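Novice: missing the sequence, but the structure's below:
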């Protein structure tokens, strides 16, 4: 296991460094998320191919579009991973045009369009948009203050399941009620409940496993973040791997990252580093590609949910910084 951990971590760091050198003006928070996407796909970042993808993006999408800006790098990385970067971008644009009619024009809808293009086909976009809107309205009925544009992404993921909107929202609410007894940040708890609602098992089993993993890490001297970071732990809890193996892997990866450039006193803090360790643990325990059915669906959710929750947090921070700058 230690060799596997070392391999995953080294590939992650190498990908992060290439991305950082190739696209030097991006938010520092985006590089690890994009690097994790590449590492999960078993890909090696190559600067020239990535630059070509950026040229295609700039040529086809206006700089004023929500498909640009904060989501530039996530789009470029997924174009890079596809066999047809131009075709993948066009598919993403079609999905965005469909989704925005129901979920509005914003960066979160753009991020959902990217995920829709990756996980479904254009023909499914309208169904996801309509079902996602219904799910979001049900979520907002329960939590009018907590639910906003940032929930477009998870509402869209929930819409990709076969479950009825009322059923999956009821499941999410039950998970929410259990998790809020342990974690006080209700926004973070809501995101976690959305992730858990898409998996099999009772709300009690799923929510209690998140708490269990949190406590296992705490007992190991690793204090996992209780805010936007928490979604990474919820996503990791979807894996069938036993609790101790997951917690041990997070600890080992965190120890490895602690010695890497970018994670020292001038880099990411301990909680952000642990979140990255959880994302990489998901990569480490990623099931084989020949997995099918429900297991494959859970694997997909687990792999992307933590990354996209991190992206949502980045988008929110970017928006808050822009608003503050405009006010001064």
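Specialist: Great, that's in hand. For clarity, every value in this text was computed on a predicted model and none was experimentally measured. Numbering: from 1, shown residues only.
Novice: For stretch 183-199, buried residues please.
Specialist: Buried positions in stretch 183-199, judged by neighbour count with 16 or more other CB atoms under 10 Å: 183, 185, 187-199. Quick note: C-beta positions are derived from backbone N, CA and C, even for glycine.
Novice: Which one of those is nearest to residue 96?
Specialist: Ranked by distance to residue 96 (CB to CB), those are led by residue 194 at 21.0 Å.
Novice: Wait, the closest one touches residue 156, no?
Specialist: No. The criterion here is CB atoms under 8 Å, and residue 194 misses it with residue 156 at 10.3 Å.
Novice: Find the helix or strand that the nearest residue to residue 82 once chain neighbours are set aside is a member of.
Specialist: Distances taken as CB to CB, 6 or more residues apart in numbering place residue 88 nearest to residue 82, at 3.9 Å, with adjacent residues excluded. Assigned by DSSP states H and E, residue 88 belongs to helix 85-103.
Novice: what's downstream of that helix, the next helix or strand?
Specialist: helix 107-119.
Novice: for whatever helix or strand comes next after that next one, packing partners?
Specialist: Using DSSP H and E, the helix or strand that follows helix 107-119 in sequence is helix 122-142. If you count contacts as 3 or more CB pairs under 8 Å, 6 or more residues apart in numbering; DSSP states H and E, helix 122-142 packs onto helix 85-103, helix 107-119, helix 152-159, helix 165-179.
Novice: most tightly surrounded among the ones you listed?
Specialist: Ranked by mean neighbour count, those are led by helix 152-159 with a mean of 28 (mean count of other CB atoms under 10 Å).
Novice: So for it, mean pLDDT?
Specialist: Per-residue pLDDT over helix 152-159 has a mean of 91.
Novice: Show me what that helix packs onto, helices and strands only.
Specialist: Against helix 152-159 (3+ CB pairs under 8 Å, 6+ apart) you get helix 85-103, helix 107-119, helix 122-142, helix 165-179, helix 186-197, helix 293-327.
Novice: now the angle between helix 107-119 and that helix, please.
Specialist: Orientation of helix 152-159 against helix 107-119 (axes from the mean of the first three to the mean of the last three CA atoms, to 10 degrees) gives an angle of 40 degrees.
Novice: Enumerate residues external to helix 152-159 that contact any of its residues.
Specialist: Applying CB atoms under 8 Å, 6 or more residues apart in numbering, the external contacts of helix 152-159 come out as 99, 103-104, 106, 108-109, 111-112, 115-116, 127-129, 131-133, 135-136, 139, 165, 168-169, 172, 191, 194-195, 197-198, 301, 304-305, 308-309, 311-312.
Novice: How about stretch 179-186?
Specialist: By CB under 8 Å, 6+ apart, stretch 179-186 touches 143, 146, 189, 192-193, 207, 210-211, 214, 226-227, 230.
Novice: Quick check on those: which are buried?
Specialist: Buried among the contacts of stretch 179-186 by 16+ other CB under 10 Å: 143, 146, 189, 192-193, 207, 210-211, 214, 226, 230.
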